[in-house]
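K.L.:
how would this look folded up:
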Amino acid sequence: MKQKENIRNIAIIAHIDHGKTTLLDALLKFSHVFRDNEKIPERAMDSYDQEQERGITIFAKPTAVYYKDYKINIVDTPGHADFSGEVERILGMVDCVLLLVDAQEGPMPQTRFVLSKSLKMGLKPIVILNKIDRPHADPDRVLDETFDLFAELGATDEQLDFRYCYASGLSGFATQHLDDPRKDMDPLFELIISAVDAPTGDINNPFLIHAVNITYDDYVGRQACGRILQGKVRKGQQVIHIDEAGNQTKATITKVEGYHGLHRVEMDEAAVGDIVILSGIPEVTIGDTLCDPQEIICLPRIKIDEPTVSVDFSVNSSPFVGRGGKHVTMNKIRDRLMREKRSNISLRIEESTEAQDAITVSGRGELHLAVLIEAMRREGYEFSVSKPRVIIKEVDGEKQEPIERVHVEVPEDFSGNVIQELSCRRGEMQHLDTNEHGICRLEFLIPTRGLMGYRNEFMTVTRGLGILTAVFENFSPMKGTIPGRSRGVMISSCLGKTNAYASFNLQDRGTLFSSPGDDVYEGMVVGEHCRDNDLIVNTTKGKQLTNVRASGSDENIILIPPRRFTLEQAIDYIQDDELIEVTPTHIRMRKKLLTENERKRGGRG
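P.N.:
Have a look, this model is predicted:
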């Protein structure tokens, strides 16, 4: 157990892809937390399977390293705007943030968001100009832009006088000045020790901790993670658990764990300043207080920004229900979502007011919701998901909708198309400039409604060369109607297997989503029509066979490969009268009303 004067608590914050997790890899390697013969994983802190597959950080995760006589607790945070609730939660657990800024790109939308949160909490950031070994890096310009951003966000004089250094997480070095030798991470560790304050709080005061994260262990149950604000804790100690309603429950600590590198280590005792995981409090949840029975203190709840989009989860009512999933009933789906509600406070989960037998899940964005949907399908759940809709607030009798600040980088040739489309979607351009490499940077304020369904089109228009990032800005008055999907869909008319002959005859009518051999059913979306109306088609229709065979009488069937959708693309694509059928083995799109007669009676053909 270290004295609090020898402890430093920091979080790494940045825009997505600015190198947080890679820099943390370099810090872990330099502090020798790995054995000499140990295989070191790339992006070691991204341990969740979806993080590794998507190449992004989803959950904030603490670790601890030792440098000289100091223990440095470091929290790796997500860079994607949809997971900013994770960042907001853990900022109260640290005394300083390392703000990473790409030495070529400069401050980006998410940089603004996480920095503003840190400044409001009174933290004094250390700026790291990362990736200085990139070919077109311009650290001097980026440093000036970062200072301007601090000033724009209302930083105090003390915060404006921030310390900074230069680094490359990939190459594993940091320097105090640009012309210093580029050897290792030693300058960054020295900067952390000198610039970060030791934790406040008195070890002699009664024990107090705020639960900012929850984990689960099959043997000891639910565990609370947080920083000890005062006092100390050991195994067998009695504590008072105060929940959201203010109810007080006595509990006994059965296990105290800390972090070292990628592993948890059991501790005999932990004291003020330590980040620990405590077992033995069965009903603890995020935001609860744990304190000493001798001095009961109730800490304020953790407040985070509200969700902006929501979807409805309901049972899978297609003819293929139960083919791939183990958990298909509403009770099973509801229980799983309620478990998520207890451990993830950035999601809002409640019974739907618009649909019967449905649960509304609200989050920060489509990716935020897609991560939950993907996790559930991997656990064997089968269900239907509606089109995302924005959350409308009523302020002083006026309806207001969420607005996003969108940052776009595209080659100059494609900028005209992007500007035209975003303007049609009620976007207002805030900034435009083109650099010497022909890359156009655009900044828009656009309703969240306007972004829905656009990302797929954006990647097509820019031929995969564009970058689009968005971060929530504010709620403002409704911007009027926004055009939806410009093309209709092809809908299967019957149950069966798709065959090559039918697909060949239909591919002139649009783009198919199914290939020969795929199972389809009536009402399932099997393609995109080339016109704006929906078209009912039969993809199971076989060729009429005769006993006449000749080399010239049979057409040579050449099929265009079908368009396949990922979960996020499907969420972006569907319209209000459609659903996504999610199973462990398939993601299908379908109409809410499967038969043509039902759709006509429902007022839409």
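
K.L.:
could you pull out the strands in the stretch 401-550 of the chain for me?
P.N.:
428-434, 439-447, 467-477, 489-492, 496-497, 510-512, 519-520, 525-529, 535-537 (DSSP state E, counting those that start in this stretch).

K.L.:
in CSV, list those along with mean neighbour count.
P.N.:
All C-beta atoms are positioned from the backbone trio N, CA, C, and that covers glycine. CSV is the format used below for the strands of the stretch 401-550 of the chain (neighbours: other CB atoms under 10 Å):
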stretch, mean neighbour count
strand 428-434, 12
strand 439-447, 20
strand 467-477, 17
strand 489-492, 24
strand 496-497, 15
strand 510-512, 20
strand 519-520, 21
strand 525-529, 23
strand 535-537, 18
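
K.L.:
where among those is the average confidence lowest?
P.N.:
Of all those, the minimum mean pLDDT falls on strand 467-477 (a mean of 83).

K.L.:
since we're on the closest residue to P388 other than its chain neighbours, how many residues are nearby?
P.N.:
Leaving aside its chain neighbours, P388 sits nearest to V309 (4.6 Å; criterion: CB to CB, 6 or more residues apart in numbering). The tally of other residues near V309 (other CB atoms under 10 Å) stands at 23.

K.L.:
when you give positions from now on, start the count at 608
P.N.:
Renumbered: residue one is now 608, and that last one reads V916.

K.L.:
is V916 in contact with S993, as I believe?
P.N.:
No - the pair V916 / S993 is not scored as a contact, 11.2 Å apart, by CB atoms under 8 Å.

K.L.:
got any ranges where the stretch 708-857 of the chain has weak pLDDT?
P.N.:
Confidence mapping of the stretch 708-857 of the chain against pLDDT under 70 gives zero matching residues.

K.L.:
90 - rerun?
P.N.:
Within the stretch 708-857 of the chain, the stretches with pLDDT under 90 are 711-725, 727-730, 738, 740-745, 759-762, 776-779, 784-792, 803-811, 818-831, 850-854.

K.L.:
residue contacts, P1123?
P.N.:
Shown in contact with P1123 (CB atoms under 8 Å, 6 or more residues apart in numbering): K1104, T1105, N1106, A1107, S1110, L1166.

K.L.:
pull the residues that contact stretch 1185-1194.
P.N.:
Applying CB under 8 Å, 6+ apart, the external contacts of stretch 1185-1194 come out as 921, 923, 925, 927, 930-932, 980, 983-985, 987-994, 1096, 1132, 1172-1174, 1177-1178, 1181, 1195-1199.

K.L.:
make it 6 Å
P.N.:
Around stretch 1185-1194, the neighbours that count as contacts under CB atoms under 6 Å, 6 or more residues apart in numbering are 923, 925, 931-932, 980, 984, 987, 989-993, 1174, 1177, 1195-1199.

K.L.:
and if you look at stretch 966-975?
P.N.:
So stretch 966-975 is contacted by 689, 914, 917-920, 944, 954-957, 959, 976, 995, 1178 (CB under 6 Å, 6+ apart).

K.L.:
buried subset of those?
P.N.:
Taking 16 or more other CB atoms under 10 Å as the criterion, what is buried in these is 689, 914, 917-920, 944, 954, 956, 959, 976, 995, 1178.

K.L.:
which pair in the residues you listed has the greatest spatial separation?
P.N.:
By the measure CB to CB, the buried ones among the contacts of stretch 966-975 have their two most distant members at D689 and S959, which lie 21.6 Å apart.

K.L.:
quick one: least confident of the contacts of P1123?
P.N.:
Across those, the bottom pLDDT score, 86, is held by L1166.

K.L.:
next, count neighbours for that residue.
P.N.:
12.
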